[in-house]
Each structure stands twice: as C-alpha cells, then as structure tokens.
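[1] Sequence and predicted structure, then a few things I'm wondering about:
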Amino acid sequence: MQALPRLALALLSASLLACGDDATSDPVDASTPVDAIARIDASACASFEGAYGLSLDETCLRGTALELGTLCIAQHGCAATISGSLGAIDATVDGDVMRFEAGGLACTARRDRGALDIACEDASIAFSCEARASSTRTLDHACCTADDVCAADERCAPVNLGLDAPVPIVSACVRRGAASAGEACTVGGSGTDDCGADLTCTAGSLGDDMIVCRAICRADDECGDGEACRWYALTAPPVGYCVPTCTRFGAECPSFATCDAATVIDADGAIADGFACRAIGTTPAGEVCHRSIDCPADHACARAGGADARCWPVCDDAHPCDESSTCMPQRSGDTSGLCVPR
C-alpha cells in the first residue's frame, strides 16, 4: 500500500469465484485456498455484500487499506472482496462469520442489524481491537465497477449513500440522465445527478459555474489527451473523473484557473500525486484558508509551523521566494515547494 498523496490503492477486482453445491464440505477459515472455497455450499455462507462506513474516530483499522472508512463488500458464494478507498482485501465467509487479514491484523466480521461488528487481533504483540461499520440504504449493485452490470436505464456512478464515514461515497447503479459530457448538470439530494452513461456531475475544483458532466474514470488512460483522472476522494471502489491536467506555472489552464497539486488515479489504477487545474480563490496570500481552491493562483493552502493552514506562494528554482521566506518542499517527487516565513 502506498500513501495518499503519500497514500495509494489498488482498484477492486469484481470477478470472484462462486461456491459449489457440496453441502457436506468442511467450514472455511481465512487460510483456505481459493479452489477449496469454491467447493463450499453457498447456503453455508451468509451474505455480507453491500456498502458500509467506519466513523471518523474509528482507529482499529488505521494503517490498512480500509482506514479511510468507506467499505464495499462484493461476494459470490463464500468468497468475498472488501474494497476500501486505499485497496482491496480478499475475505472468506464461514456461516455467519467473514474472515480477512488487514495490515497484519487477523479480523472477523459479523452482521448485526445490517451493520458489521469487526474484531481484529495481532497475536504476536498481544493486540486486539474492535470496530463497527454502519450499513447504507440499499441500492442495486452498490460497489459496481462498470455500467454493464447495471440495468439499461442505469449507470455506475459515484453516489453519496449517507454512510457514517469521512466522505461516504461509493459506486452504485443509479438512474441514467440525459445530459451529455460538458453540459451543465444538477446533483440530487442523495448524490445522484442527471448525467448520461459513464458521466458524473462535478465542478472538478473549477468552481461552481463549471459544474458539468465529466467522464468517469478508474485509471488515467481512460481520459483524453491533456486530462487526468482526478480521484473522487475516499470512494470505494476507487473512482475518479477526467479533468484538465497541467504543469506548475504552465499555461494549460483557462484564465480563471491555476495549476495545483491533485490526487489522481494513474494508468495502473493506483492513487498517485498529480496536477490538475483548479479555480482561483480570493483568500489573500498568508491568510487562513480551508483548502487550496480558496487561494490565489500559484498558491497552496498548507500548515507551515503554525496552528492554522494559510495560503502560501508556490516556489521552485525558476520562481524563488523573497528574502523573508524560504522554499519548503511539499511532496516526495515534487520539485516545487511553498514559500513560508523564515
């Protein structure tokens, strides 16, 4: 697992093995080979399929692919895949218990009134913890990965499902609208919108007047020339939308936008650091901000030794800071930094 901007992920694999018809097979444990799992009677395996959310203060699964809180479970018979925002984990189901390993923890999960009660331990250091994941309202094919698993009048799109999680967004089959790529669109109360197939309604950090239907992507190479697949934050399975890409201090962005660091899904489907155009904000340099879109062109919102995040100028070898500040590196692999007071 890599790190979010300094974090990383792998996309969900939606193809799983089915259980067979042998009702006399022995129960499965977490170490049972996949070919053995396929022979276990599906009637012996409870269904865990669906979308779940871990609350913001949940700490049990920190440091694992599931730490950001939004979980999607796809299941076929007794084989399951738990997809988090940072990766996917294989699981097995034995009766009403699901078993999986995450970040060195051996975990079990049980359903309780739709929610998941999760218990994990690392016997080598005598550590154990518990977590509870809330369930979401039912949608067809929650955690889908493509339109072709949906009905003819539906599409697979990122949808806010009301989970108790930091950003409760999963892919689900929802109504297909009539708006085309680049056309203005409207987002509904549950996160659904009126865009057509393979599209989602978002501003892409380009401001409220740029809320249009944009192509959904799950890897960078699914976007057109001059575009990047910007991660739709904390989605599970990971999904993004195509936005204009750019270079620091370059001229690729429109006049009302500037180039800024962005979390993208690369050609391998992994979370990576990248760049994308964003709207120019109105918060002056050095003032308190909440996110970079608040800041002027060629500035970024960051904490630099103080309690509050502020808008700091971006710097590199060709764009040095003034004498009152120093160029502080931002991210691994990024040649630019931020001008912060000495």
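    Perfect, I can see it now. Residues are numbered from 1 along each chain as shown.

[2] State the distance from the closest residue to E67 other than its chain neighbours to A178.
    Using CB to CB, 6 or more residues apart in numbering and skipping residues adjacent in sequence, the residue nearest E67 is L61, 5.4 Å away. All C-beta spots, glycine's among them, are computed from the backbone N, C-alpha and C. For L61, the distance to A178 (CB to CB, to the nearest Å) stands at 40 Å.

[3] More neighbours: which of the two?
    Of the pair L61 and A178, L61 is the one with more neighbours under other CB atoms under 10 Å, namely 23 against 10.

[4] surely that one meets L54?
    Yes - using CB atoms under 8 Å, L61 is in contact with L54, at 6.7 Å.

[5] So for those two, which residues contact both of them?
    Jointly contacting L61 and L54 under the rule CB atoms under 8 Å, 6 or more residues apart in numbering are A131.

[6] Could you tell me the end-to-end distance of stretch 316-326?
    11 Å (CA to CA, to the nearest Å).

[7] What of stretch 110-128?
    End-to-end distance of stretch 110-128 (CA to CA): 16 Å.

[8] For the residue lying closest to A257 once chain neighbours are set aside, give its distance to R214.
    Nearest in space to A257, with sequence neighbours left out and distances taken as CB to CB, 6+ apart, is C277 at 4.3 Å. According to CB to CB, C277 and R214 sit 12 Å apart.

[9] go on, A79?
    34 Å.

[10] between those two, who's got more neighbours?
    Taking neighbours as other CB under 10 Å, A79 and R214 compare with R214 leading, 26 against 22.

[11] where's that one, which helix or strand?
    R214 belongs to strand 212-217 when elements are defined using DSSP states H and E.

[12] average model confidence for that strand?
    The pLDDT scores in strand 212-217 average 92.

[13] Please state the offset of it from the chain centre?
    The chain centroid and the centroid of strand 212-217 are separated by 16 Å, computed with CA atoms, centre = their mean, to the nearest Å.

[14] tilt between the helix or strand harbouring V264 and strand 212-217?
    For V264, the element it lies in under DSSP H and E is strand 257-265. For strand 257-265 against strand 212-217, the angle by axes from the mean of the first three to the mean of the last three CA atoms, to 10 degrees is 30 degrees.

[15] Which elements pack onto strand 257-265?
    Helices and strands touching strand 257-265, by 3 or more CB pairs under 8 Å, 6 or more residues apart in numbering; DSSP states H and E, are strand 227-231, strand 240-244, strand 271-279.

[16] Dump it to PDB, restricted to CA.
    Output of strand 257-265 as PDB, limited to C-alpha atoms (Å, rounded to 0.1, in the frame of the first residue of the first chain):
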ATOM      1  CA  ALA A 257      -7.900  28.700 -13.100                       C
ATOM      2  CA  THR A 258      -4.500  27.800 -11.900                       C
ATOM      3  CA  CYS A 259      -2.400  24.600 -11.700                       C
ATOM      4  CA  ASP A 260      -2.400  22.800  -8.300                       C
ATOM      5  CA  ALA A 261      -1.400  19.500  -6.800                       C
ATOM      6  CA  ALA A 262      -4.200  16.900  -7.100                       C
ATOM      7  CA  THR A 263      -4.700  13.300  -6.100                       C
ATOM      8  CA  VAL A 264      -5.100  11.200  -9.300                       C
ATOM      9  CA  ILE A 265      -5.600   7.600 -10.300                       C
END
